[in-house]
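**Q** please work out how this folds:
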Amino acid sequence: MPGTACRGAAAAPPRRWLLSASVGTAALAAGLICLVNGCSTGAPSRLLLAPMISGVELCVPPTGGPAFRTEGELEAYCAEANLSAAGIIEATLAKIGPAVSVDGRFELGYTMPVPLLKLVIRGQSGWEVNQKAVDRLVTTVKESERPLIIHLFSTHFGIGVPSEEYLAGDPRNLAASALGPMAKDKYYFVDVYPWTFATTENGITRFREMAIARFVDAMCALPQADRRKIRGVTVLGELHHFHADFQAGMGVGGPYVVSDYSAASVDGFRAFLAQRFGDIGALNRAIGEDFASFDAVQPPRRDLRLEPQQRLSEHIDSAAHGMLPLTGWAVDSLRPPGEPAWIRVYRSGTLIARVPARYGRQDVLQAKPSLGTADVGWRFDMDFRGLPPGQYRLDFVAERPDGTLAGLGHRRIAIMDRTRAAAAAPPSEPLPAMTDRAGIDGSIDYPPDLASFVYNPLVPLWHEFRNEQVVRYLSHFERQLRATCLGDVDLYTHQIAPFVNPGWDTTKFAVDRSLADPGRLRLGVSLYGESTYGASFFEWLDTTSHRGYGVTEFHPLKAMSSAELGAVLQRHRQRGASFVSFFLDARPPSVRDPSSVNMFYFDPGNTHFGSDKLYAAVRDVLGE
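**A** Numbers count the residues shown, from 1 in each chain. The predicted structure follows:
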């Protein structure tokens, strides 16, 4: 969904055929760049630009016909007349550029969102798939000559259909916190449904299976020439665990209320532990507990500093897995534009980290637009599992361009043992000499001063299991698709990447494994801001075994020239991206509801986050 990569504390509010003679030279140059940069040798010959189209359930309004005042009126007409969206898709794409860029590096197609829960309607004999709606989507593929990515989506973001309210009435479809089934939430003006994926034996899974099966059956009835247009299929959309306050609760610190504590999930965790350790004694020795059996184990669910509890194994917060996030932002006016400040972290006088302040912080840019950039965030995750209990001082120091140092501030923390008592401070080393911080602006956002932390060895196991739940549920639908004519098409995830947001708590989402190793699915990842053009995503990619990927949502969150955008797209192409998808609105302007306009549409009339300039840049890139 648009905007999901820029939520909350560290985010901006949202809302979801000519070939030139130079092609050979360009290809040779690209190959040389690859050799220099060490990029993937599996890069596709062309990168597919596949904008996510809004309006695939509409059609070209009839000339001289009735005036449609709303999107719903036009959709009803198109359904009654059995007209596809091929015409409006082609008209929308033709405004951007040719089917293949002049330099031969890029190809223009589209992403067709297939709204699974909208396809399931209440019929005379119960809930069924709307075959007419399925057939119109399939006809769009047949009547459009463009290559496409099919997005089989059914996410937690509501689309306002009756099947959602029906499913939400059954607790078996809902993720649970430690307090019980989670309630429907809001992300600004959009409903958020906490659909569970702890089990496949429920209504939400059955509805998704029904819609996918009927849609794929219709696609498989097409001639092979039409099916060859399909370059990839993305499965479900963002799939991750839930946290309290969906709009702003993804940050580190604060109440740690996450999913999934349903009975199915708790039983699954116990089975996971039994398989891992074999006998309860081995688990007890690993985590320092005395459980009588695996059935007695409870997932970590309380903050021992706020609630009384008998066992350390019950404790959980943003650092209980043994990694304490240290976060903030900084800029140094003495550095050239675009060059990040560098932050040193000292623990009791000993240097433990040196990190660049380069990650996206849209909230900082909003508060201080004079900075001119959001790429000012920094983060270091401090492993404290082996530290002796005690009180520690953390100093955060900026490196100046001339080699001098300037202090940003400090925090005092306590590391507790299982007795929950912190010992005295260990010996400290003196800090290097400091100068004043003239020209430096920034803050230390986490941890708070005088905070205490304790490591619970059961928490990493709990997070590992929660990560496994995400992959297992995605694999369920991957297997469904593999058994069809689309089984040989590249199948992708469509995942959020919380690790590129320095203020987010990635453990709340539990998607690390689905990003690094999604099984037989290929990586599909949504990138916003710095992660589209900076180093963070590519450095992470180098730590994985991925040799190809797709960018399922793409928005730099700032204006770019055609040269800048072209270089970004070329870098993704060289690193193995097969497609890049940005948001594009194909709906006729006369029926667009202002409240449903996506702030992240590339559109000449959308000035948010430089989207109008990015639209123009795409046109130039294709037409160069």
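**Q** quick check: chain neighbours aside, which residue is closest to the residue minimising distance to the centre of the chain?
**A** By Cα atoms, centre = their mean, the mean C-alpha position of the chain lies nearest to Ile496, the distance being 1.1 Å. What sits nearest to Ile496 in space, not counting adjacent residues and going by Cβ to Cβ, 6 or more residues apart in numbering, is Glu238, at 4.8 Å. Just so you know, the C-beta spots here come from the backbone N, C-alpha and C atoms, and that holds for glycine as well.
**Q** so what's the residue count around the one you found?
**A** A count of nearby residues for Glu238, using other Cβ atoms under 10 Å, gives 20.
**Q** how does the protein divide into domains?
**A** 8-53+72-250+460-591+608-623, 323-454 (automatic domain parsing).
**Q** end to end on the shortest one, go ahead and measure it.
**A** From the first residue to the last, domain 323-454 extends over 10 Å; the measure is Cα to Cα, to the nearest Å.
**Q** go on, stretch 188-206?
**A** Termini of stretch 188-206 sit 29 Å apart (Cα to Cα).
**Q** and that stretch, how far out from the chain middle?
**A** 17 Å (Cα atoms, centre = their mean, to the nearest Å).
**Q** give the buried residues for that stretch.
**A** 190-200, 202-205 (16 or more other Cβ atoms under 10 Å).
**Q** setting aside sequence neighbours, what's the nearest residue to Ser611?
**A** Phe602 (5.4 Å).
**Q** now for the one you found, how many residues are close by?
**A** 24.
**Q** so which strand or helix has the residue nearest to Ile496?
**A** Under DSSP states H and E, no helix or strand contains Glu238.
**Q** wait, it sits on His494?
**A** Yes. The pair Glu238 and His494 passes the contact test of Cβ atoms under 8 Å, sitting 6.4 Å apart.
**Q** just the pLDDT at Gly67, thanks.
**A** Just to correct that, residue 67 is Ala rather than Gly. According to the prediction, Ala67 has pLDDT 82.
**Q** what's the answer for Ala85, then?
**A** 96.
**Q** cool, and Phe189?
**A** Phe189 is given a pLDDT of 85.
**Q** before we move on, back to that, got CSV for the domains of the chain, with distance to Glu289 too?
**A** Formatted as CSV, the domains of the chain follow (distance: least, Cβ to Cβ, whole Å):
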stretch, distance to Glu289
domain 8-53+72-250+460-591+608-623, 12
domain 323-454, 10
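**Q** could you identify which of those domains is most buried?
**A** Highest mean neighbour count among the domains of the chain (mean count of other Cβ atoms under 10 Å): domain 8-53+72-250+460-591+608-623, with a mean of 19.
**Q** grab the nearest non-local neighbour of Thr92.
**A** According to Cβ to Cβ, 6+ apart, the nearest residue to Thr92 is Ala586 (4.1 Å).
**Q** show me what contacts the one you found?
**A** By Cβ atoms under 8 Å, 6 or more residues apart in numbering, the residues touching Ala586 are 53-56, 58, 85, 88-89, 91-92.
**Q** related to what we said a few turns ago, these two touch, right, the residue nearest to the centre of the chain and Val511?
**A** Yes. Counting by Cβ under 8 Å, Val511 is a contact partner of Ile496 at 6.4 Å.
**Q** related to what we said a few turns ago, measure the residue nearest to Thr92 to Ala94 for me?
**A** 11 Å (Cβ to Cβ, to the nearest Å).
**Q** what's the answer for Leu541, then?
**A** 33 Å.
**Q** and for Tyr359?
**A** 38 Å.
**Q** what of Asp245?
**A** 43 Å.
**Q** do the same with Val235
**A** Distance from Val235 to Ala94, by Cβ to Cβ: 30 Å.
**Q** check Pro498 too.
**A** For Pro498, the distance to Ala94 - Cβ to Cβ - is 37 Å.
**Q** how about Asp441?
**A** The spacing between Asp441 and Ala94, counted by Cβ to Cβ, is 46 Å.
**Q** for the host helix or strand of Leu351, what does the pLDDT average out to?
**A** In this structure, Leu351 sits in strand 350-357 according to DSSP H and E. What strand 350-357 shows for mean pLDDT is 98.
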